[in-house]
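**Q** the following comprises the amino acid sequence and a computationally predicted model.
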Amino acid sequence: MVKPTKVTNSIRALRFASGQMTQAELADRIGVTRQTIIAIEQGRYSPSLEMAFQIARVFDVPLDEVFQYPDSHGETK
Amino acid sequence: MPYEEKRAWIMLVVSVCAYAAYLIVIVGRAGPTPLAEVAYVPTLLWSIGAAIAAQIGLSIAAGISSPQARKRDQRDREIGRLGEYIGQSFVVIGGVAALLMAMAEWDYFWIANVIYLTFVLSAALGSVAKIFAYRKGFQSW
């Protein structure tokens, strides 16, 4: 069984906040396939640090507004 | 479905079908004679050749049917490496088994067949690992 990632993300919300950006548009902006964006949004794939920064740059927000990691008490940061 | 996942499905189905067809022909040809005395070389070469041709042909067809999806990104490369890494274990097992069988002076039939079997298992297991990673998730961190 694949160990599920604890990393969560707000890509879907950020896409809608950025003028209803589609998954295909975001994929084109960072040079990946739409399937990869879908996998990241659904938590089935953790992108590389470089790709994570590219995604944050597209939305013009800090990295931790795109990706969150829970602390030991379960609170996401 | 990503193009690379389609290719993994093609590899899995083609390699298993080609090996199954080979087994059916060889076992059918054997009858009462021992398996090791059956003429297996032409059938084995045809089976491998047909599998390679089918793999290439179906991959091209899959690419033509969805040209947009042919792009290969970081996730595809990472999943591809995972599949190769897992599949390669069977190539090593096959090599060691063939070495031991050669040293023990087994028939060529069994040596060739154990190598072919491990190639098929390598392709099948590597493909299953890729499909699993595409379907269930893959974490590189």
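**A** Now that the structure is in, tell me what you want to look at. Residues are numbered from 1 along each chain as shown, chains lettered A, B, ... in the order given.
**Q** please name the nearest non-neighbouring residue to the residue of chain A found nearest chain B.
**A** For chain A and chain B, the shortest gap (CB to the nearest CB) falls at residue A:44, measuring 3.5 Å. The C-beta positions use only the backbone N, C-alpha and C, and glycine is treated the same way. In this structure, residue A:44 finds its nearest non-sequential neighbour in residue B:137, 3.5 Å apart by CB to CB, 6 or more residues apart in numbering or on different chains.
**Q** surely that neighbour and residue A:7 touch.
**A** No - counting by CB atoms under 8 Å, residue B:137 stays clear of residue A:7, with 11.8 Å between them.
**Q** between those two, what contacts are shared?
**A** Shared contacts of residue B:137 and residue A:7 (CB atoms under 8 Å, 6 or more residues apart in numbering or on different chains): residue A:43.
**Q** which secondary structure element of chain B has the lowest mean pLDDT?
**A** Lowest mean confidence among the helices and strands of chain B (mean pLDDT, DSSP states H and E): strand B:138-139, at a mean of 71.
**Q** which stretches of chain A form strands?
**A** Using DSSP state E, the strands of chain A run over A:8-9, A:45-46, A:67-68.
**Q** pLDDT weak spots in the chain?
**A** You didn't say which chain, so I picked chain A. A:1-4, A:72-77 (pLDDT under 70).
**Q** chain B was what I was after
**A** B:67-70, B:139-141.
**Q** output the residue of it whose distance to chain A is smallest.
**A** For chain B, CB to the nearest CB, closest residue to chain A: residue B:137, 3.5 Å.
**Q** any idea how many residues pack against that residue?
**A** When neighbours are defined as other CB atoms under 10 Å in any protein chain shown, residue B:137 has 18 of them.
**Q** now it: how far from residue B:29?
**A** Relative to residue B:29, residue B:137 is positioned 45 Å away (CB to CB, to the nearest Å).
**Q** ok, the residue of chain A closest to chain B touching residue B:79?
**A** No - counting by CB under 8 Å, residue A:44 sits too far from residue B:79 to count as a contact (11.0 Å).
**Q** overlap in contacts, the two.
**A** Contacts common to residue A:44 and residue B:79, judged by CB under 8 Å, 6+ apart, are residue B:138.
**Q** which one's more surrounded, the two?
**A** Comparing residue A:44 with residue B:79 by neighbour count (other CB under 10 Å), the higher total belongs to residue B:79, at 24 against 21.
**Q** so where does the residue nearest to that one when sequence neighbours are not counted fall, helix or strand?
**A** Distance criterion CB to CB, 6+ apart; nearest residue to residue B:79, sequence neighbours excluded, is residue B:133 at 4.5 Å. According to DSSP states H and E, residue B:133 maps onto helix B:108-136.
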